[in-house]
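Asker: Build me a model:
(3 chains)
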Amino acid sequence: MRSPGPVARSAEDVDEAVFDVVETIPPGRVSTYGAIGRLVGVGPRRVARALSGGGGAAVPWHRVVRADGTAAEPVRVRQLELLAGEGVPLRGSRVDLGAVGWPDDGW
DNA sequence: TAAGTGACGGCCC
DNA sequence: AGGGCCGCCACTT
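Answerer: Sure thing, here's the model as predicted:
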């Protein structure tokens, strides 16, 4: 029928899937590369690669941080700035995922 | 084809 | 709490 085994999606489709999920993150909430990857069905590094390629102004890339709550080096300053700007509580230069993590542990 | 690289993550010390 | 190691995976050289 459609796909015989491991979902053979094109690289572009994976990017789209990642952007789609990221756009679902509510303002004031923050997710991680690993969490997004789990929802999409790819590894965290693949998610990072998708976001590094841009994606469009509609994609709130700043709501995606590392599993330990720190921001990726190339965008660290800018990202913390944007997060603080939308009311995300920061502990130093680290996001408190226990408080604003998304999705909720139920996923 | 092999080796290097990166917006990562989990484990161990 | 901080830092090193190694595994992962797609892309580049």
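
Asker: Now do residue A:36 against DNA strand B, distance only.
Answerer: Residue A:36 sits at a distance of 8 Å from DNA strand B (criterion: Cβ to the nearest atom of the strand, to the nearest Å). All C-beta spots, glycine's among them, are computed from the backbone N, C-alpha and C.

Asker: The helix or strand where that residue lies - what's its average pLDDT?
Answerer: In this structure, residue A:36 sits in helix A:33-40 according to DSSP states H and E. Averaged across helix A:33-40, the pLDDT comes to 95.

Asker: Can you name the secondary structure element that comes next after it?
Answerer: helix A:44-52.

Asker: Check the offset of that next one from the chain's centre.
Answerer: In this view, helix A:44-52 has its centroid 9 Å away from the chain centroid, taken as Cα atoms, centre = their mean, to the nearest Å.

Asker: Walk me through which strands the helix or strand that comes right after that helix pairs with, and which way each runs.
Answerer: Remark: after helix A:44-52, the chain's next helix or strand is strand A:64-65, criterion DSSP H and E. Under the criterion DSSP bridges, strand A:64-65 sits next to strand A:31-32 (parallel) in its sheet.

Asker: residues in contact with the strand it pairs with?
Answerer: Strand A:31-32 has contacts (Cβ atoms under 8 Å, 6 or more residues apart in numbering) with A:22, A:25, A:44, A:63, A:64, A:65, A:66, A:67, A:97, A:101, A:102, A:103.

Asker: Check whether it comes near DNA strand C.
Answerer: No - on the criterion Cβ under 7 Å from any atom of the strand, strand A:31-32 is out of touch with DNA strand C, staying 13.1 Å away.

Asker: residues touching the closest residue to residue A:15 other than its chain neighbours, list them.
Answerer: Take residue A:15 and drop its neighbours on the chain: the residue closest to it by Cβ to Cβ, 6 or more residues apart in numbering is residue A:50, 4.5 Å away. Contacts for residue A:50 (Cβ under 8 Å, 6+ apart) come out as A:14, A:15, A:18, A:19.

Asker: For the residue most central in space within chain A, which non-adjacent residue is spatially closest?
Answerer: Nearest to the mean C-alpha position of chain A, by Cα atoms, centre = their mean, lies residue A:64 at 3.4 Å. Once flanking residues are discounted, residue A:64 sits nearest to residue A:31: 5.5 Å by Cβ to Cβ, 6+ apart.
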